[in-house]
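K.L.:
Mind folding the following:
(one chain, ligands or ions: 2)
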Amino acid sequence: MFIGAHEVTGSNGQVFGIDPATGEQLDPAFGGATPADLERACALAAEAAEPFAALAPAKRADFLESIAEKIMALGDDLIVRVMQESGLPRARLEGERGRTCNQLRLFAGVLRAGHYLDVRIDPALPDRAPPRPDLRVANEAIGPVAVFGASNFPLAFSVAGGDTASALAAGCPVVAKAHPAHPGTSELIGRAVRDAVAAAGLPEGVFSLIMDSGHAIGAALVADPRIKAVGFTGSRRGGLALLEIARQRAEPIPVYAEMSSINPVVLFPRALAEKAEATAKAFVGSLTLGAGQFCTNPGLVLAVEGEALDRFVIAAGEALTTLPAQTMLTPGIASAYREGVAALTGHADVEIVARGAEGGQHGGQAGLFVTSAEAFLAHRELQDEIFGAASLVVRCPDLATLGTVIDALEGQLTAAIHIVPADEPAAADLLPRLRAKVGRLLVNGYGTGVEVAHAMVHGGPYPATSDARTTSVGSLAIARFLRPVCYQDMPEALLPDALKQANPLGVPRLVDGAMQAG
Ligand SMILES: NC(=O)C1=CN([C@@H]2O[C@H](COP(=O)(O)OP(=O)(O)OC[C@H]3O[C@@H](n4cnc5c(N)ncnc54)[C@H](O)[C@@H]3O)[C@@H](O)[C@H]2O)C=CC1
Ligand SMILES: O=C(O)CCC(=O)C(=O)O
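P.N.:
Ligands and ions are numbered 1, 2, ... in the order given. As a prediction, the model looks like this:
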């Protein structure tokens, strides 16, 4: 672990990586944090909060870029360790490393551009009746953030992933809780961040990395009064547990939890008639990407029954049957997947269309299933996320019923519609209902492979996330860890630089309602 600058081997139980391809326990043992380790990490984070928040944005930008450089400098040792701990293939992990570093660089750009501060100045109007005071507002760091990384993106959603990048960009110290599935990866990345903190001459408490041999230390981290927000990606059960801890604190805090989503794909009739087979092929590609272990995985297909849907189902089934089983991330995730699929196959109203090949100790055997709209509407459990490469096709008698199925859905990260121009009137009717359920709507594609960009939203209504107003991917994610602070009639010398009259940071500002470039 890294408690600030210090390398510490915890003495509160042990955490081992496991090679999911072989089931073999990987060396070394990582020690779990004691309550004293956690206390020290939180105390250091609290000490670092004020100076780190006050650091010039351009300096924080340099720091984020330096983290990216140090991650790249870990070289192949990093990739080899992540492969061992996750079972994910090299090409995927090299891509994910690139995404992680680009994410850090994206936030560096955000800091240099300055829009994130959302500076607004309403100059005093002393002659108005009643007089208006001088009002200045800018976004400021919320304080130390706890980050719980995801098992399924050991780089891009983990120790130096999106939540850490956006929190550090906002000026918030981070206490990261390593995911127990990849402790070695976490140590390597944690070392890169710790070294970047030191190289930038920042207070050591800007970053700590702790391990937890169970759930008690993670729970205590969320309960710690010095922590002001939480970022989490994982199961609904885990996310809800952290939300409950946060709610019961003397000072409740926001928990930004990304939890579960089945990402409906709506196949409109004309598109289905024209390109059922090609759509099916692309669908199976998205469904089985990374053994289906994406929260954006297309777990639900909605369409009107008939010859065209039959062609889609047959083509998807054929594509899927030939696929080998892929190693899943952890023994627990593999067995949760098998249980989820067993519940579907045992369901009286669900038919099996096709299964991929079996294989491997923790291999995920892909599956495609079909049910009726009537059954889907009657059985709420058919909406439960099955984390892996399984999807359920819902045959609807008509578009009106398909709309009713959409209305019955829980909140989702994404929905995809597949259309040709002749479907647009029907799509226009259903879009408002679909929009109410999701954070991102996409056309003729699938939600897997989220672009890290300024206009991305990777969020959505509950239970996809705990707060539909934000995103965990893209530059808008910085807003989670900021809050607006207004200064009224504050003397120039006491104002933060972002709000000084001369605009020393050169940031864009809304002055008396008119936008001024930086
Ligand atoms: N929708 C999504 O984005 C994802 C969903 N999952 C789902 O979660 C299942 C388990 O995967 P994991 O990644 O291990 O998720 P998880 O939710 O069990 O764990 C995520 C993190 O939260 C911590 N944690 C969990 N419960 C806690 C509690 N009560 N108190 C304190 N800390 C707690 C864990 O130690 C870990 O660091 C999968 O089988 C899958 O169903 C997993 C990854 C992503
Ligand atoms: O599809 C992606 O690129 C990201 C997926 C994701 O956020 C997740 O699986 O947790």
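K.L.:
burial of residue 435, as a residue count?
P.N.:
12 (other C-beta atoms under 10 Å). Glycine gets a C-beta too; all of them are placed from N, C-alpha and C.
K.L.:
quick one, what contacts it?
P.N.:
Applying C-beta atoms under 8 Å, 6 or more residues apart in numbering, we find residue 435 in contact with residue 441.
K.L.:
try 10 Å
P.N.:
Shown in contact with residue 435 (C-beta atoms under 10 Å, 6 or more residues apart in numbering): 406, 415, 441.
K.L.:
again with residue 467
P.N.:
Contacts of residue 467 by C-beta under 10 Å, 6+ apart are 243, 254-258, 459-461, 480.
K.L.:
ok, now with 8 Å
P.N.:
254, 256, 459.
K.L.:
Now it: phi and psi?
P.N.:
Torsion angles at residue 467 (phi, psi; degrees, to the nearest 10) stand at phi -150, psi 100.
K.L.:
Please apply the same query to the one 10 residues further on.
P.N.:
Listed backbone geometry of residue 477 is phi -60, psi -20, with angles given as degrees, to the nearest 10.
K.L.:
now it: how far from residue 243?
P.N.:
Distance, residue 477 to residue 243, using C-beta to C-beta, to the nearest Å: 19 Å.
K.L.:
Compare neighbour counts for these two and give me the winner.
P.N.:
Using other C-beta under 10 Å, the more surrounded residue of residue 477 and residue 243 is residue 477, with 29 against 21.
K.L.:
And for that one, nearest residue in space, chain neighbours not counted?
P.N.:
residue 166 (4.0 Å; C-beta to C-beta, 6 or more residues apart in numbering).
K.L.:
Residue 68 too?
P.N.:
Nearest to residue 68 is residue 101, by C-beta to C-beta, 6+ apart, at 3.9 Å.
K.L.:
so what's that neighbour up against?
P.N.:
68, 71-72.
K.L.:
Residue 28 and ligand 1, how far apart?
P.N.:
Residue 28 sits 19 Å away from ligand 1, going by C-beta to the nearest ligand atom, to the nearest Å.
K.L.:
just residue 487 next, same as before
P.N.:
For residue 487, the distance to ligand 1 - C-beta to the nearest ligand atom - is 38 Å.
K.L.:
still on that earlier bit, quick one: which of the contacts of residue 467 is nearest ligand 2?
P.N.:
Of all these, residue 459 has the smallest distance to ligand 2: 10.0 Å, by C-beta to the nearest ligand atom.
K.L.:
List the contacts of that closest one.
P.N.:
Residue 459 makes contact with 258, 413, 439, 465, 467-472 under the criterion C-beta under 8 Å, 6+ apart.
K.L.:
same deal with residue 300?
P.N.:
Residue 300 makes contacts with 262-265, 383, 391-392, 394, 409, as judged by C-beta under 8 Å, 6+ apart.
K.L.:
So the residue lying closest to residue 382 once chain neighbours are set aside: helix, strand or coil?
P.N.:
Of all residues beyond its chain neighbours, the one nearest residue 382 is residue 376 (5.2 Å), with distances taken as C-beta to C-beta, 6+ apart. Classification of residue 376 by DSSP: H, G, I helix; E, B strand; the rest coil places it in helix.
K.L.:
Please tell me I have it right and residue 376 contacts residue 405.
P.N.:
Yes. Using C-beta atoms under 8 Å, residue 376 makes contact with residue 405 at a distance of 6.0 Å.
K.L.:
pLDDT (mean, whole number) over stretch 76-87?
P.N.:
Mean per-residue pLDDT for stretch 76-87: 97.
K.L.:
possible to save the contacts of residue 467 as TSV with secondary structure?
P.N.:
Shown next, in TSV, are the contacts of residue 467 (three-state DSSP):
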residue	secondary structure
254	coil
256	strand
459	coil
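K.L.:
Show me where the stretch 101-250 of the chain has its strands.
P.N.:
119-122, 135-141, 145-148, 174-177, 207-210, 229-233 (DSSP state E, counting those that start in this stretch).
K.L.:
out of these, deepest packed?
P.N.:
Of all the strands of the stretch 101-250 of the chain, strand 207-210 carries the top mean neighbour count, a mean of 30, counting by mean count of other C-beta atoms under 10 Å.
K.L.:
For that one, which helices and strands make contact with it?
P.N.:
With contacts taken as 3 or more C-beta pairs under 8 Å, 6 or more residues apart in numbering; DSSP states H and E, strand 207-210 sits against strand 2-3, helix 35-54, strand 174-177, helix 183-199.
K.L.:
If you drop the residues flanking it in sequence, what lies closest to the residue in the stretch 251-400 of the chain that ligand 1 sits nearest to?
P.N.:
Closest to ligand 1 within the stretch 251-400 of the chain is residue 295: 2.9 Å, counting by C-beta to the nearest ligand atom. Once flanking residues are discounted, residue 295 sits nearest to residue 261: 5.3 Å by C-beta to C-beta, 6+ apart.
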